[in-house]
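[1] Give me a model of this one.
(chains A and B)
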Protein chains: 2
Amino acid sequence: MKITIIGAGSIGLLLAAKFSIANHTVTMVCHHIQQANKINTEGIEYRGTMVRRVPVQATSELQNHKVDLLIIAVKSQQVSSVVQHIRMIYGEDIPDMLFIQNGMAHIENLKSLSHNILVGIINHGAKKLDDVTVLHTGEGTIEVSTYQGVPYPLHSLSKEDFPIYYVRDWNSMLARKLVVNCAINPLTGIFDVDNGELLTNARFYTILRELVKESSRVLNLDYEEALSNVQAVCIKTARNTSSMLADLKRGRLTEIDAITGVILKQAELKGLDAPYSRFVYDSIKGLEKKID
Amino acid sequence: MKITIIGAGSIGLLLAAKFSIANHTVTMVCHHIQQANKINTEGIEYRGTMVRRVPVQATSELQNHKVDLLIIAVKSQQVSSVVQHIRMIYGEDIPDMLFIQNGMAHIENLKSLSHNILVGIINHGAKKLDDVTVLHTGEGTIEVSTYQGVPYPLHSLSKEDFPIYYVRDWNSMLARKLVVNCAINPLTGIFDVDNGELLTNARFYTILRELVKESSRVLNLDYEEALSNVQAVCIKTARNTSSMLADLKRGRLTEIDAITGVILKQAELKGLDAPYSRFVYDSIKGLEKKID
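    Below is the predicted model:
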C-alpha cells in the first residue's frame, strides 16, 4: 500500500517504521523541514524486540499524491488545521483517511469531510527518542473503525506482530478508550507518577475509581467493565510515563481538552455533575500554566 | 509569667523567643535531648525585622513545675499522647493550658481534661531553620478563646508588635481557620506551589473556590466571608511554603486528618457530599506514601 502519515511524533514514527518494514511505501509529513531532511538521509531507527534502521521518505509539505491511505497522527488539538490543509491540498479528491487521536474532541472536525474516514486507537507504548528514533515501549494492538463511508477493514496492513483489528461501532470504541485516558492521563500528570502507581498506591486508586465511575456514567458505559479496562492498561503500561505527564514536564500543552474536556461537555449536555473530572481538568490546565 | 511550651517546632520556637524577649520565664520541652541541650547552651536565635539571640531554658522531659501557662505547640496528631503525658506528670493539678493546633481534630482529646483550657490560632509565618533558629516569615496575630473553664484573656502576654486577641466563640474561631487550612494546605501540597499561586493561577483559584464553598457549607460558615478570608491569607503569605507542602517534601506525615479529615467527618454526619474535599484528602494521603 501507499501510505502518507501526517505527524512525526512517537506514534507517527512507530507506524512509519512498522509499515515500512512490512514493505509498504510510506511518506511522512513532518512539521519541521529539519526532521524531514534527517529522516530522508538517515531513515527511521526502530527500537523494539529488535533494532532496525528503516529507509523512509519524508517531506515537510503535504503534496497532492495519490495514496491508498492518509494517516493523520497529529495531536488532537492540531486536527482542525490539518483537516483544512488536507482540503486545500486535495480539493474534493481526498484519499481514504485514518484519524488516530486520543479522546473524542477531534470527531467534531471530521463532519466537514465527505469521504471515507476511519478512526483508530493505538494500544502501543512508544517514545520518540529523537527526530528519527522511536522506542517501542509496549507492544499492543491497533483498533480501527469506520466513522463514515465504506467499511474498510485494513486487512492488508495487519501483521501477526503488529495486529490491526476492525471494530464495528466507532463511538463505543472511542468512548472505551476515552475513559482509560480520562483516568490515567490526568492523574499521572497531577501526581507525577508512572501509570502503574495508580494501582499500587491505594489512595490514588480510590481517586482513579471515582474518575472511572464518573466518566463511564457520563458516557453510558458499564462501570465494572470500564474499570477492569483501565486496570489492564495500568498493569500493561506500569512503567510508562503518560503522554500528559511528559507534556507537562516539557512545558507543552496537554490533550486535556480532548480527554477530560469531552467528559465535561457531555456531562453538561446530560445535566450530570462530574466534580472529579472538573477537579482534574482545572488541575491540568493550572499545571500547564505553572511557572517552574 | 512563667510559661512552659511543649513542642519546639517553628511555632514553639517563635513563641519561646517572643515571650522571652518580653521578659517572661519560658521553658521549652523538646522531643529530643540534643535540641534541648543546644537551646540551653546557645539560646534561640530569632530572625525577624531584627535578629536576636535569646537565652531560653529547655528540657526533653516535662516536669511537674508550677507554671502560669502550659502551651501545647505540637502537631495535631501528637496531642493525644501529649495530653496523656500531661495527666501522668501533673495528676489532677494541671496548669492552665493553651492548645494551638491546626484544624479541629485535637478538640476530641481535650474533653478528658477538666481544667482551664484555651485554644488558639497562630496567624504568623515561621520557619524553623535549625534546632535553635526560627525565621519569622510573616508577622500576624494570635487569637485565643476559652474552650472550657474560666475565660482567660491573656492580656499580659499581648504586645504591640506581637498582639494576642481574645475571641468569644472558640468553635467558630477554629472553623474559620479550618476553612483556610482546608483550601490552602492541600492544594499547595498537590500542586507544589507557594500560597500566592493559588490566587494568581486562575485554574488553581477555581479549585480553591470550590473547596472553600464545600467546606464552608459543611461548617455552616458564610461562603463569601470564608473566601475573602482565604484570599487575605494567600496574599499575606504569598511567598510561603505551606506546612503541608513542606511535610510532603521532607517525606513526613501531614496534618491532613486534622484538616480535611475533619470536613469529611462533619460532611458524613450531616449527610453532605464533599467530592473536592474527598479528592484532596486521598491525594495528600497518596502523596504521603509516594516513593520518590
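
[2] make it CA atoms for all contacts and neighbour counts henceforth
    OK.

[3] List the pairing partners of the lengthiest strand in chain A within its sheet, with orientation.
    Secondary structure of chain A per DSSP state E: the longest strand is strand A:133-148. Strand pairing for strand A:133-148, determined by DSSP bridges: strand A:44-47 (parallel), strand A:117-130 (antiparallel), strand A:164-166 (parallel).

[4] Outline the domain layout of chain A.
    A:2-168, A:173-285 (automatic domain parsing).

[5] Deepest-packed of those, please.
    When the domains of chain A are scored by mean count of other C-alpha atoms under 10 Å in any protein chain shown, the highest mean neighbour count falls to domain A:173-285 (a mean of 20).

[6] which intervals of chain A have sub-threshold pLDDT?
    By pLDDT under 70, the weakly predicted segments of chain A are A:291-292.

[7] Next up, the contacts around the residue in the stretch 101-250 of chain A positioned nearest to chain B.
    Nearest to chain B, among the residues of the stretch 101-250 of chain A, is residue A:203, at 4.8 Å (C-alpha to the nearest C-alpha). Residue A:203 makes contact with B:282-283, B:285-286, according to C-alpha atoms under 8 Å, 6 or more residues apart in numbering or on different chains.

[8] between the longest helix seen in chain A and strand A:117-130, how big is the angle?
    In chain A, with assignment by DSSP state H, the single longest helix is helix A:170-191. Comparing the axes of helix A:170-191 and strand A:117-130 via axes from the mean of the first three to the mean of the last three C-alpha atoms, to 10 degrees yields an angle of 30 degrees.

[9] Which is the succeeding secondary structure element to helix A:170-191?
    Per DSSP states H and E, the first helix or strand lying C-terminal to helix A:170-191 is helix A:197-200.

[10] can you list the residues of the stretch 151-292 of chain A near chain B?
    A:190-191, A:201-204, A:206-207, A:275-276, A:279, A:282-283, A:285-287, A:289-290 (C-alpha under 8 Å from any C-alpha of the partner chain).

[11] Counting only helices, which of these make the cut?
    A:190-191, A:202-204, A:206-207, A:275-276, A:279, A:282-283, A:285-287, A:289.

[12] related to what we said a few turns ago, I'd like the distance from the longest strand of chain A to the chain centre, please.
    Taking C-alpha atoms, centre = their mean, to the nearest Å, one finds strand A:133-148 lying 8 Å from the centre of the chain it belongs to.

[13] Give me the residues contacting that strand.
    The contact list for strand A:133-148, computed with C-alpha under 8 Å, 6+ apart, reads A:10, A:13-14, A:44-48, A:115-129, A:151-153, A:162-170, A:173, A:236-237, A:240.

[14] Ok, stretch A:9-29 next?
    Contacts of stretch A:9-29 (C-alpha under 8 Å, 6+ apart): A:1-8, A:36, A:44-46, A:54-62, A:73-74, A:126-128, A:132-134, A:136, A:157, A:162.

[15] hang on, the earlier thing: a markdown table for the strands paired with strand A:133-148, including distance to residue A:255?
    Listed next are these as a markdown table, based on distance: least, C-alpha to C-alpha, whole Å:
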| stretch | distance to residue A:255 |
| --- | --- |
| strand A:44-47 | 26 |
| strand A:117-130 | 15 |
| strand A:164-166 | 24 |
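
[16] Would you tell me which of these gets closest to residue B:196?
    strand A:117-130 (36.0 Å; C-alpha to C-alpha).

[17] Just the CA atoms of that closest one, as PDB, please.
    What follows is strand A:117-130, C-alpha atoms only, in PDB (Å, rounded to 0.1, in the frame of the first residue of the first chain):
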ATOM      1  CA  ILE A 117     -13.000   8.200   7.200                       C
ATOM      2  CA  LEU A 118     -11.600   5.600   9.600                       C
ATOM      3  CA  VAL A 119     -10.900   6.300  13.200                       C
ATOM      4  CA  GLY A 120      -8.400   4.300  15.200                       C
ATOM      5  CA  ILE A 121      -6.900   3.600  18.600                       C
ATOM      6  CA  ILE A 122      -3.300   2.800  19.100                       C
ATOM      7  CA  ASN A 123      -2.800   0.500  22.100                       C
ATOM      8  CA  HIS A 124       1.000   0.600  21.900                       C
ATOM      9  CA  GLY A 125       3.600   2.300  24.000                       C
ATOM     10  CA  ALA A 126       6.000   4.400  22.000                       C
ATOM     11  CA  LYS A 127       8.600   7.000  22.900                       C
ATOM     12  CA  LYS A 128      10.300   9.400  20.500                       C
ATOM     13  CA  LEU A 129      13.900   9.400  21.500                       C
ATOM     14  CA  ASP A 130      15.000  11.900  18.800                       C
END
